[in-house]
Each structure stands twice: as C-alpha cells, then as structure tokens.
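# below are the sequence and a predicted model for it; my questions follow.
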Amino acid sequence: MGFIILILVIIGLIALALSYYKQDSVKQMESQLEENSITMMQELYKVKKKIRVLEEEVMLGDRDKFKG
C-alpha cells in the first residue's frame, strides 16, 4: 500500500513540475503576441500617416488645377 502512495506522490510531483514548464511557455507566447501586436500597430500608424500625406498632396494638386 505504501508503494502505491509513493508512486502517486512521484507522479504528482512530476505533473506539478510539468505544469510550471507549460506556464512559462504560455507566458512566452503571450509576450511574443503582444510584441507582434505592438509592431503591427506601429506599422499601421505609419501607413495611415503616409496615406494622409498622399491625400493632402492630391487635394493640393486638385486646387492648383482649378485655380489655373
């Protein structure tokens, strides 16, 4: 009977150790996802800013055509 309890305790400790390892990998994935999300938002901001500049240039070009 004591042998079975010892085996169950060992299995429990192994499962506990594995659960800590899994949590670290999940945290690492979350960190990478957050970093990628921030990078995407920065790139999207740059693209929107460039589009805004291009739209302003087009509007100024249209004004010049109507003035002349």
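That came through, no problem. Numbering: from 1, shown residues only.

# from the chain's centroid, how far away is the strand or helix carrying D24?
D24 belongs to helix 2-67 when elements are defined using DSSP states H and E. Taking the mean of its C-alpha atoms, helix 2-67 sits 0 Å from the chain's own mean (CA atoms, centre = their mean, to the nearest Å).

# nearest residue to the middle of the protein?
Centroid check for the chain by CA atoms, centre = their mean gives L33 as the closest residue, at 2.3 Å.

# what score does that one have for pLDDT?
Here the pLDDT value assigned to L33 is 95.

# same deal with F66?
67.

# for the remainder of this discussion, apply numbering that starts at 54.
All set: I'll call the first residue 54, so the last point we hit is now F119.

# low-confidence ranges, the chain, go.
119-121 (pLDDT under 70).

# cutoff 50 now
Low-confidence segments of the chain, defined by pLDDT under 50, are absent.

# what residues are up against G55?
Counting by CB atoms under 8 Å, 6 or more residues apart in numbering, G55 touches no other residue. C-beta: built from backbone N, CA, C; applies to glycine.

# so how far is L66 from it?
Distance of G55 to L66, given as CB to CB, to the nearest Å: 17 Å.

# before we move on, what about G114?
From G114 to L66 the distance is 73 Å (CB to CB).

# and V100, by the same measure?
The value you get for V100 to L66, if CB to CB is used, is 52 Å.
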